[in-house]
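Visitor: Sequence and predicted model, in that order:
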Amino acid sequence: MLEVARITGGRTLRGEVTAAGSKNACLPILAACLLTRETVTLRNVPDLSDVRYMAEILRHQGADVVVAEPGTWRIKAETVGHRTPYDLVRKMRASICLLGALVGRLRRCEIALPGGCVIGPRPIDLHLKGLARLGCDIRHDAGYLRVDAANARGAYVFLGGRMGSTVLGTANLVMAAVLTPGTTRIDSAACEPEVTDLCRMLAKMGARISGIGSPCLIVEGVESLRGCEHAVIGDRIEAGTYLVAGAITGGDVLVRGVEEQHLGAFLDKLEAAGVRVESSPAGLRARGGPSRPIEVTTQPFPGFPTDLQAQVLAMQLVVDGLTTVTERVYPARFMHVPELQRMGAEIDLEGATAIVKGGRPLSGAPVMASDLRASAALILAGLAARGETWVQRLYHLDRGYVAFERGLASLGADIVRLPNSALPTGLGEE
Ligand code: EPZ
């Protein structure tokens, strides 16, 4: 059923929320459960459509996946199939992280090539370069990757690409290397907290990885891995989105469950914009709204995260002056801009840079979500707009946020989720 969020702007958000487990840590961590025959118990698993979908894929591969209680999953992959069909992969690009897990466990796999997506091309050349360096035989055949790792051995891999490091490329290579004989050194590895969380779980399973959290990972292959218990880190992108919800309304919001050092560059930009940021054992707090224009450039961690680009761009709509937002990770990731313009935002796009002429009044409007983070940004703008904003295609939002509208409502926002049939006549999709 298609659903829409109706937001009536003008409320000041105040209060506390707790971030759910990280989607982008959980997806590769779920794939990594295929690397052992023993049971892996995961805690703080977020109740997201992408995560539920990953469970379906694991079941297809032969794993038992049981939700022991909300947020706690038990996965046991005594046997694993080597083939992942297109109809599974095409619905979620991130399922490409099965590649490394299947190569690690089975030494071979046949996995459908992922499609593209709205935020821009999603190549996997670096994933394949890494596996080839290990000695894998890789063939493309009718939209499938066939990988044979029978003769794979540890090797040196420089994994950097023209856009810098690759998050799932690093995850895939580490998952293949942990059970590949010999030493694998990965330079220009991604340092995102989600990659670090995966490596920490692999280490609990008996993997031998040094340099965790650094751009240089060294993996000593082992014979097999054991089961373990692991709590997924909090979702820093969800947390950052809630902090922007507080700031864009000039409120006071505390977010629990996320570590400050996972959001360093983002918090630095909030402060540069004039938002009062506090970090304490209770969590991360944003007080007051932005008062200054800023310059933001997205980069791989520890730089400013591309997944918070749309949200901080929306925040700067309420600030007089010119804010520039430059995308160095996904240069085309501006699908939210034309929708924000429908709300009165003045934004010029110059290649990979958006020039935000903040301070213009925002008026509520019917808008269309296009991708996960853009849908959050439209809702954030609706919080600050005069009148009603209707955000359609909420399924994009549900991929990465657990009941986001309920979290915002608990902070005082006037937001409700409705079936599309509630849309005023003429606003709904045909
Ligand atoms: C992960 O995607 C995240 N997804 C994305 O979050 C996030 O935006 C991205 O990392 C960057 O931080 C998950 O973790 C499930 P990349 P990933 O490989 O790993 C280029 C969200 O909103 N590249 O780090 O696919 C690529 O084109 C999602 O939660 C190559 O050139 O991203 C991009 O420009 C959206 N060749 C850059 O690197 C490759 O082989 C970073 O991509 C791989 C990537």
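Guide: In hand now; what should we look at?

Visitor: Secondary structure class of the spatially closest residue to residue 198 that is not a sequence neighbour, three-state.
Guide: Leaving aside its chain neighbours, residue 198 sits nearest to residue 28 (4.9 Å; criterion: C-beta to C-beta, 6 or more residues apart in numbering). C-beta here means a position set from N, CA and C on the backbone, and glycine is covered the same way. Following DSSP: H, G, I helix; E, B strand; the rest coil, residue 28 is assigned to helix.

Visitor: so what's residue 28 up against?
Guide: 94, 97, 168, 171, 175, 194-195, 198 (C-beta atoms under 8 Å, 6 or more residues apart in numbering).

Visitor: In helices, which of those fall?
Guide: When DSSP state H is applied, the contacts of residue 28 are split such that 168, 171, 175, 194-195, 198 fall in helices.

Visitor: farthest pair in those residues?
Guide: 175 and 194 (13.4 Å; C-beta to C-beta).

Visitor: More neighbours: which of those two?
Guide: residue 175 (29 against 26; other C-beta atoms under 10 Å).

Visitor: Excluding covalently adjacent residues, which one is nearest to the more buried one?
Guide: residue 100 is the one closest to residue 175 (C-beta to C-beta, 6+ apart), at 3.4 Å.

Visitor: low pLDDT regions in this structure?
Guide: Within the chain, the segments meeting pLDDT under 70 span 116, 428-430.

Visitor: Name the residues of it found near the ligand, please.
Guide: 23-24, 27, 94, 121-127, 161, 163, 166-169, 190, 194, 306-307, 329-330, 372-373, 400 (C-beta under 6 Å from any ligand atom).

Visitor: Of those residues, keep whichever come out buried.
Guide: 23-24, 27, 94, 124, 126-127, 163, 166-169, 190, 194, 306-307, 329-330, 372-373, 400 (16 or more other C-beta atoms under 10 Å).

Visitor: In helices, which of those residues fall?
Guide: Those of these lying in helices (DSSP H): 23-24, 27, 126-127, 167-169, 194, 372-373.

Visitor: Once you drop chain neighbours, what's closest to residue 354?
Guide: Nearest one to residue 354, counting by C-beta to C-beta, 6+ apart, is residue 325 at 4.5 Å.

Visitor: from what I can see, that neighbour looks like it's in a helix, true?
Guide: No - with three-state DSSP as the criterion, residue 325 is strand rather than part of a helix.

Visitor: number of nearby residues for it?
Guide: Residue 325: 25 neighbours (other C-beta under 10 Å).

Visitor: who does it bridge with?
Guide: Under the criterion DSSP bridges, residue 325 forms beta bridges with residue 296, residue 354.

Visitor: show me what contacts it?
Guide: Contacts of residue 325 by C-beta under 8 Å, 6+ apart are 296-298, 309, 312-313, 316, 353-354, 356.

Visitor: 10 Å instead?
Guide: 294-298, 304, 309-310, 312-313, 316, 333-334, 337, 347, 349, 352-356 (C-beta atoms under 10 Å, 6 or more residues apart in numbering).

Visitor: could you flag which of these are buried?
Guide: If we count by 16+ other C-beta under 10 Å, these have these buried: 294, 296-298, 304, 309-310, 312-313, 316, 333-334, 337, 347, 352-354, 356.

Visitor: okay if I get the contacts of residue 28 as TSV plus distance to residue 153?
Guide: As requested, these are exported to TSV (distance: C-beta to C-beta, whole Å):
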residue	distance to residue 153
94	28
97	22
168	23
171	20
175	16
194	28
195	23
198	22
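
Visitor: Pretty sure residue 104 sits against residue 35.
Guide: Yes - if you go by C-beta atoms under 10 Å, residue 104 and residue 35 touch, sitting 5.1 Å apart.

Visitor: Overlap in contacts, the two.
Guide: What both residue 104 and residue 35 touch, as defined by C-beta under 10 Å, 6+ apart, is the set 175-176, 178-179, 202, 207, 225.

Visitor: Mind picking the two most distant members of those?
Guide: Greatest spatial distance among those (C-beta to C-beta): 176 and 225, at 12.7 Å.

Visitor: more neighbours, the two?
Guide: Neighbours were counted for residue 176 and for residue 225 using other C-beta under 10 Å; residue 176 has more, 30 against 23.

Visitor: Next up, the contacts around that one.
Guide: 35, 99-105, 107, 109, 127, 130-131, 134, 136, 147, 149, 152, 184, 219, 221.

Visitor: Any quick PyMOL command for the buried ones out of those residues?
Guide: In PyMOL, a selection of the buried entries from the contacts of residue 176 looks like this (16+ other C-beta under 10 Å):
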select buried, resi 35+99+100+101+102+103+104+105+107+109+127+130+131+134+136+147+149+152+184+219+221
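
Visitor: Helices - which of the contacts of residue 176 land there?
Guide: Checking the contacts of residue 176 against DSSP H, those in helices are 99-105, 127, 130-131.

Visitor: ok, of the residues you listed, which one's closest to the ligand?
Guide: The ligand has its nearest neighbour among those in residue 127, at 5.0 Å by C-beta to the nearest ligand atom.

Visitor: so that closest one makes contact with residue 134?
Guide: No - between residue 127 and residue 134 there is no contact under C-beta under 10 Å: 11.5 Å.

Visitor: Give me the common contacts of the two.
Guide: Residues touching both residue 127 and residue 134 (C-beta under 10 Å, 6+ apart) are 173, 176.

Visitor: related to what we said a few turns ago, so which of the buried ones among the contacts of residue 325 sit within strands?
Guide: 296-298, 347, 353-354, 356 (DSSP state E).

Visitor: Show me how this protein divides into domains.
Guide: 3-19+234-422, 23-222 (automatic domain parsing).

Visitor: Give me the distance between the shortest one and the centre of its chain.
Guide: Using C-alpha atoms, centre = their mean, to the nearest Å, we find the averaged C-alpha position of domain 23-222 to lie 15 Å away from the chain's own average C-alpha position.

Visitor: which residues in the stretch 301-430 of the chain form helices?
Guide: 309-315, 336-341, 372-384, 395-398, 404-410 (DSSP state H, counting those that start in this stretch).

Visitor: Residue 231 and residue 73 touch, don't they?
Guide: No - using C-beta under 10 Å, residue 231 is not in contact with residue 73, being 11.4 Å away.

Visitor: who's more crowded, these two?
Guide: residue 73 (23 against 15).

Visitor: how close does that one get to the ligand?
Guide: 17 Å (C-beta to the nearest ligand atom, to the nearest Å).
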